[in-house]
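Engineer: let me see the structure of the following:
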Amino acid sequence: MSEHLTVVDHPLVQHKLTLMRDKGASSAEFRRLLHEITLLLAYEITREMPMTTRAIETPMEEMDAPILAGKKLALVSILRAGNGMLDGVLELIPSARVGFVGLYRDEATLKPVQYYFKVPEGLNNRVVIVVDPMLATGNSSAAAIDLLKQAGATDIRFLCLLAAPEGVARMKEAHPDVPIVTASIDRGLNSKGYIMPGLGDAGDRMFGTK
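Structural biologist: This is a model prediction of the structure:
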């Protein structure tokens, strides 16, 4: 992937996103829709994966058939909201290795504070997909990618549901080599760093913790 930003405007993605934005959607509906949208977005973010061929035998004849190359993909969730996107990608790529980065946002400074980091080994030989539903200020996402690069990752892609222009700009400044795939670029951030019009706090809506 070369473009820094891809907005997936597929009708099904946009339809499901509208249903998620509606404040009347239950936690169960929100989780189900997030799972379905993630599947569609994951299809886009994995479009350019390294390929090779393998000799196989079909019921008709032998052939050299295309197959994914290299080590198993690494999927890294930014806790806790990122976990809502894990299953969607794992359904598409069940063999992926999974890691977690725990960051919380200091409400006074809006800066990320790390509290957990556990990722698969050999990141330098893996495509790494980072998942977090919201790219708001971009500070947590940029910090998570800093940690992954320190752990050896070189081919990193970022998958989110919604992004604010501020977050996209922050990521482009900090990590211009990391492409972003999202379903929407929203208007911007409010004074508390929430995406507008957005869909509220993805973690709270997913887990029912208001």
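Engineer: what's the end-to-end length of stretch 15-33?
Structural biologist: Distance across stretch 15-33, first residue to last, is 10 Å (CA to CA, to the nearest Å).
Engineer: and it, average pLDDT?
Structural biologist: Stretch 15-33 shows a mean pLDDT of 95.
Engineer: tell me where this protein has helices.
Structural biologist: Listed in chain order, the helices of the chain (DSSP state H) span 11-21, 27-45, 83-92, 139-150, 165-174, 202-207.
Engineer: other residues contacting the shortest one?
Structural biologist: With CB atoms under 8 Å, 6 or more residues apart in numbering as the test, helix 202-207 has contacts from 25, 27, 30-31, 34, 80-81, 84, 133-134, 161, 199, 209-210. C-betas here are computed from N, CA, C, even on glycine.
Engineer: format those residues as TSV; extra columns: distance to Ser191 and neighbour count.
Structural biologist: Compiled in TSV, these are given as follows (distance: CB to CB, whole Å; neighbours: other CB atoms under 10 Å):
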residue	distance to Ser191	neighbour count
Ala25	25	17
Ser27	27	14
Phe30	25	23
Arg31	29	18
Leu34	26	24
Arg80	24	18
Ala81	21	22
Gly84	26	23
Pro133	21	27
Met134	16	27
Leu161	22	28
Leu199	18	23
Thr209	22	10
Lys210	20	8
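Engineer: from those residues, which is closest to Val8?
Structural biologist: Closest approach between these and Val8, by CB to CB: Leu161, at 10.1 Å.
Engineer: got a pLDDT number for that closest one?
Structural biologist: The score at Leu161 is 96. That number is its pLDDT.
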